[in-house]
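# the following block contains a protein sequence and its predicted model.
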Amino acid sequence: MRFMLLFSRQGKLRLQKWYVPLGDQEKRRLGRELVQTILGRKAKMCSFLEWRDLKVVYKRYASLYFCCAIEEQDNELITLEVIHRYVELLDKYFGSVCELDIIFNFEKAYFILDEFLLGGEAQETSKKSVLKAIEQADQLTSTCYQQASPRITSPTCYEHA
Amino acid sequence: MPAVSKGDGMRGLAVFISDIRNCKSKEAEIKRINKELANIRSKFKGDKALDGYSKKKYVCKLLFIFLLGHDIDFGHMEAVNLLSSNKYTEKQIGYLFISVLVNSNSELIRLINNAIKNDLSSRNPTFMCLALHCIANVGSREMAEAFAGEIPRILVAGDTMDSVKQSAALCLLRLYKASPDLVLMGEWTSRVVHLLNDQHMGVVTAAISLITCLSQKNPDEFKTCVSLAVSRLSRIVSSASTDLQDYTYYFVPAPWLSCKLLRLLQCYPPPEDGAVKGRLVECLETILNKAQEPPKSKKVQHSNAKNAILFEAISLIIHYDSEPNLLVRACNQLGQFLQHRETNLRYLALESMCTLASSEFSHEAVKTHIETVINALKTERDVSVRQRAADLLYAMCDRSNAKQIVAEMLSYLETADYSIREEMVLKVAILAEKYAVDYSWYVDTILNLIRIAGDYVSEEVWYRVIQIVINRDDVQGYAAKTVFEALQAPACHENMVKVGGYILGEFGNLIAGDPRSSPLVQFNLLHSKFHLCSVPTRALLLSAYIKFINLFPETKATIQEVLRSDSQIRNSDVELQQRAVEYLKLSSIASTDVLATVLEEMPPFPERESSILAKLKKKKGPGVVPVSELEDGKREGGELNGGGDRGPDSAMSASNASTPSPSADLLGLRSAAPVSAAAPSAGSLLVDVFSESGAALSPLLRLSEDLAPLCPRRDELLNKFVCKNNGVLFENQLLQIGIKSEYRQNLGRMYLFYGNKTSVQFASFSTTVSYPGELQSHILTPLPLNVQTKPVEPLVEGGAQVQQVLNIECITDFSEAPQLNIKFRYGGALQNITLKLPVTINKFFQPTEMAATDFFQRWKQLSQPQQEAQKIFKANHGMDTEVLKAKLLGLGTALLENVDPNPENYVCAGVVQTKSQQVGVLLRLEPNAQAQMYRLTLRSSKDTVSKRLCDLLAEQF
């Protein structure tokens, strides 16, 4: 996988993970163009498209688009399920995840992704194992800080697709 | 699991994010961010040491600001400080910041690497994983230098925790991809392969990505992975859906790992070990069988995961391309998907079938789906799916369905999305050319293409149609007629005007007999488009006009009028102005003869790879048009002759390099007999062409066909050099032969220059000069010509030229020219060329000046019937005085002024010098301008000389 982007229906990037070395300018440009391309597509269209020299796989969950740019030899369908598994992980972790969870806890979204995918390849596909790793880390944390932040709730809650 | 329990919530960060979200405008957002940046800056610069929590919070805010799209140029040091914190979350945020805001400051890198080194050696698996994640996320060369030796050790160490192994494997993969030279193969590699057997599915899943990448680069070193992968796959495929617990995904056992195993096997040929292969085939069959079973769940995740494995298995089957049974099953399965209600599956089926179409085992099976695919092209609502359908039609096209497919693609083009039109145009053009059986269909198709999608027809496409029309004389008349009709449309595309201008300029004469397309009608039609066209097209049309003047003298006045108009001759565009001026001048001062030479029909284009194909390849990358496909096309024999990158317009100036063309029937009579009789090698080429014409073109035949156009021209070549001594004797796509010669008395010296036009060496290059009938002639009778030469070097490098000197002695008068035979190897194929050397009897003329009385006295002395040879013939070229004089002087005789009582006539005198005798020759040429006829009379003391000279000269005027 070359990169993964999460963005809202309004085109705001919520998460970006690059597995190829690119300059910041280039990343922004690519991100902007790809977001526009995908937002321009109608619902029910195919989840795959050729974009520049890349294969792009995307899926929309409620207000969020999850989009992966993959290599020529990568499998499109399994990439769709990579997206879905990541969504499941977020959902399980946050408990009915919504876009706001990802905005306010963006660092968690990155940590979960790093447990699941590393260097663009699946590192651990078991939901249990990934969550266990994250929870262990959280426990290490809880012992350090007792401070709590308010639970973020949001009206536009994530729904299962 | 409520978010509040996430423990390390940073209240300040949440407040800041809320603030940003509440900003009503971009300006307000920027203002809020700048305020925050100033705040953080002052905190970082402040004297008071910040505690870990504050540092983490501010670093996190900076990260958030950066991810919003703003530049961050500070905070790196604070992030690095966090790395050495012993609190996990602080460390974690530090690593995240460093991974996202990669910095190239070397001091910083040193500090980061130190922190990573500490964590890697901490033996705390959580810290180790964090450090490995950071390396994998950054993947820089500096990190590879620091850790490429350490990570393999961690990966294969017996006491490494599973989670660390997983991270280490993918971390190493990232480093290997970025800096393969820094990851050294070693003892660890064999142990890595055995991770495929690991108990822990997560370890196998991570390790296999690394193994696949390493296998691609070092297949031999990793080939033991094949049998391991097959047995692992076999265990997964045959397992029940609950066996693998959490690695079962929506009732599909280990879909990620299965896909990766199948992908790894695609790095290798089919297993040689029969048992392994049998097991693998069994797996593939099981996967295909499962596709037919009812789904275990209605969830799309279930079918996606299942089909992901199926498509990967089909990729492997196609990769092996050796199991006809599996290939056909795969094709049938994809055929079902073509009509599936899931757009995604239709898309993938179309894509996968494209590769299946190129396998000889499944090509026919793919073709049975043509109607479905055409339907997809017409009805799919998503352009990316239609694009796949168009690709598949292109891939499944062969001679049997080319007409149908091209017609469908053409009709699709009318409504096709702009984004794919150019590519569609290229594909239609290639298919039309590749599978053209009759060339009128080809011409129709390309003209349709221009009509429907003219804007997307690139230069390559219209150059190509012209190249093909020029090389195929059977289609020229049809092309002229069709293009003439197409131009009558009130709005026709500029590309049509270009093709029209070019073709009518070359072949307009073929339809000029019909009063509806008489020369003037043709011209007016073309000229009616002139003012709407761009400069390059206008330039092309001007060239067409001057060709018209040559083809149709009756249009001369009209066209000169056009050229003379201010809008042409004073055009502000330099190119147009120059063409107008030059063409006008050319048409007024050049004799029809010169004009005919300059504007002679274009010679055939040398055969090269289709420039369109090259363009499509460039557009789509090398993988799209497999070489085998090209070769298929050649085997099918449908491809056309000719084609190069040379634009037809630019080639116009080259036309004067070719030879004048006397009428074709004369040529036909003349060439076959002497050449085939005298030179068996050249003759056989001709015989090939004649005897097999109409049969399917075989590659062998094509070779001879390349040379064929030259054969009929050999006498023509001779004629070309009767009145001159220097020039290009021969040229094809491989070789050019230049000639320079000088004669004195009965001796001559000829320099031949052999130029290798290719970039490849000619091997075994040899030449021989012989005299026709040499072998049959009586050994005691000396040959009339004695030609001596030294052998040339046997190797002619690409682009090089070698010279050969021929010393010629004329023993007695002769009428046959000596022959030059050239043999060489080019890319393994033997080339054999036989030419006549332009040594004619007149070369040994000595001019003789004499007064009128002397001339007529000698004329009378040579009054015996056999001493005279006379011909009355029609002028082949113009009758311009200066040109005639130049030719007569070139002949080698003296041109005698004020001898003939009729000043229109020409008389010449000379002596042919041979070793055995001298032959005095008198010549009289009487032009009749009104009838465009000549009477040529030669008298000499030897009948054979009179006869030969008369024959030679009659071709010159």
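Looks like it came in fine.
# contacts only, for residue 55.
Reading this off chain A. When contacts are counted by Cβ atoms under 8 Å, 6 or more residues apart in numbering or on different chains, A:Lys55 touches A:Phe48, A:Leu49, A:Ala69, A:Ile70, A:Glu71, A:Glu72, A:Asp74, A:Glu76. Every C-beta, even on glycine, is put in place using the N, C-alpha and C of the backbone.
# not quite, I wanted chain B
Contacts of B:Lys55 (Cβ under 8 Å, 6+ apart): B:Glu78, B:Asn81, B:Leu82, B:Glu90.
# chain B next: which of the contacts of A:Lys55 are close?
The residues of the contacts of A:Lys55 that also fall near chain B, by Cβ under 8 Å from any Cβ of the partner chain, are A:Phe48, A:Leu49, A:Glu72, A:Glu76.
# follow-up on the earlier one: in a markdown table: the contacts of B:Lys55, plus secondary structure.
A markdown table is the format used below for the contacts of B:Lys55 (DSSP: H, G, I helix; E, B strand; the rest coil):
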| residue | secondary structure |
| --- | --- |
| B:Glu78 | helix |
| B:Asn81 | helix |
| B:Leu82 | helix |
| B:Glu90 | helix |
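# re earlier: looking at the contacts of A:Lys55, which are in strands?
A:Phe48, A:Leu49, A:Ala69, A:Ile70 (DSSP state E).
# flag the least confident of the residues you listed.
Least confident entry in the ones in strands among the contacts of A:Lys55, by pLDDT: A:Leu49, with 92.
# which residues does the closest residue to that one other than its chain neighbours contact?
The shortest distance from A:Leu49 to any non-neighbouring residue, by Cβ to Cβ, 6 or more residues apart in numbering or on different chains, is to B:Ser384 (4.5 Å). B:Ser384 makes contact with A:Met45, A:Cys46, A:Phe48, A:Leu49, A:Glu50, B:Tyr347, according to Cβ under 8 Å, 6+ apart.
# and those residues, which are buried?
A:Met45, A:Cys46, A:Phe48, A:Leu49, B:Tyr347 (16 or more other Cβ atoms under 10 Å in any protein chain shown).
# for the residues you listed, which one is nearest B:Gln745?
The closest of those to B:Gln745 turns out to be A:Leu49 (Cβ to Cβ; 81.7 Å).
# kindly state the beta-bridge partners for that closest one.
For A:Leu49, the beta-bridge partners under DSSP bridges are A:Val56.
# ok, back up a step: JSON lines for the ones in strands among the contacts of A:Lys55, including distance to B:Asn103?
Formatted as JSON lines, those follow (distance: Cβ to Cβ, whole Å):
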{"residue": "A:Phe48", "distance to B:Asn103": "36"}
{"residue": "A:Leu49", "distance to B:Asn103": "34"}
{"residue": "A:Ala69", "distance to B:Asn103": "25"}
{"residue": "A:Ile70", "distance to B:Asn103": "28"}
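# just these now: which is nearest chain B?
A:Leu49 (4.5 Å; Cβ to the nearest Cβ).
# residues contacting the closest one?
A:Thr37, A:Arg41, A:Lys55, A:Val56, B:Ser384.
# any idea how far it lies from B:Pro791?
With distances taken as Cβ to Cβ, to the nearest Å, A:Leu49 is found 65 Å from B:Pro791.
# and if you look at B:Gly501?
50 Å.
# what of B:Val156?
Taking Cβ to Cβ, one finds B:Val156 at 67 Å from B:Pro791.
# looking at these two, which is more packed in?
The neighbour comparison of B:Val156 against B:Pro791 (other Cβ atoms under 10 Å in any protein chain shown) goes to B:Val156, with 19 against 10.
# grab the nearest non-local neighbour of that one.
B:Arg191 (4.2 Å).
# from the contacts of B:Lys55, which is closest to B:Ser946?
The closest of the contacts of B:Lys55, once distances to B:Ser946 are taken by Cβ to Cβ, is B:Glu78, at 108.9 Å.
# OK, contacts around the closest one?
Neighbours of B:Glu78 in contact, by Cβ under 8 Å, 6+ apart: B:Phe44, B:Leu50, B:Lys55, B:Tyr58, B:Val59.
# if we can go back for a sec, closest to B:Lys836 out of the ones next to chain B among the contacts of A:Lys55?
Nearest to B:Lys836 among those: A:Glu72, at 57.2 Å, using Cβ to Cβ.
# flag the shaky bits of chain A, pLDDT-wise.
A:141-161 (pLDDT under 70).
# which residue ranges form the strands in it?
Using DSSP E, strands in chain A cover A:3-8, A:13-18, A:48-51, A:54-61, A:64-70, A:117-118, A:121-122.
# ok, the second one: who's next to it in the sheet?
Sheet partners assigned to strand A:13-18 using DSSP bridges are listed as strand A:3-8 (antiparallel).
# what residues of the partner strand count as buried?
A:Phe3, A:Met4, A:Leu5, A:Leu6, A:Phe7, A:Ser8.
# stretch B:331-350 too?
Here stretch B:331-350 shows B:331, B:333-335, B:337-338, B:342-350 as buried, counting by 16+ other Cβ under 10 Å.
# check the residues you listed and tell me the two furthest apart.
B:Cys331 and B:Thr343 (20.5 Å).
# from the middle of its chain, how far away would whichever helix in chain A runs longest be?
Longest helix in chain A, counting residues (DSSP state H): helix A:76-94. Offset of helix A:76-94 from its chain centre (Cα atoms, centre = their mean, to the nearest Å): 8 Å.
# and it, what does it pack onto?
strand A:54-61, strand A:64-70, helix A:99-104, helix A:106-116, helix A:127-142, helix B:255-265, helix B:300-320, helix B:343-356 (3 or more Cβ pairs under 8 Å, 6 or more residues apart in numbering or on different chains; DSSP states H and E).
# could you dump these into a markdown table with distance to B:Val722 added?
Shown next, in a markdown table, are the helices and strands packed on helix A:76-94 (distance: least, Cβ to Cβ, whole Å):
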| stretch | distance to B:Val722 |
| --- | --- |
| strand A:54-61 | 66 |
| strand A:64-70 | 71 |
| helix A:99-104 | 89 |
| helix A:106-116 | 85 |
| helix A:127-142 | 91 |
| helix B:255-265 | 72 |
| helix B:300-320 | 64 |
| helix B:343-356 | 60 |
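# of these, which stretch is the most buried?
helix B:255-265 (a mean of 26; mean count of other Cβ atoms under 10 Å in any protein chain shown).
# show me what contacts the residue most central in space within chain B?
Residue closest to the average C-alpha location in chain B (Cα atoms, centre = their mean): B:Ala614, at 2.5 Å. By Cβ under 8 Å, 6+ apart, the contact set of B:Ala614 is B:Glu460.
# would you mark the buried spots in whichever strand or helix holds it?
Using DSSP states H and E, the element containing B:Ala614 is helix B:611-620. Using 16+ other Cβ under 10 Å as the test for burial, helix B:611-620 gives B:Ser611, B:Ile612, B:Leu613, B:Lys615, B:Leu616, B:Lys617.
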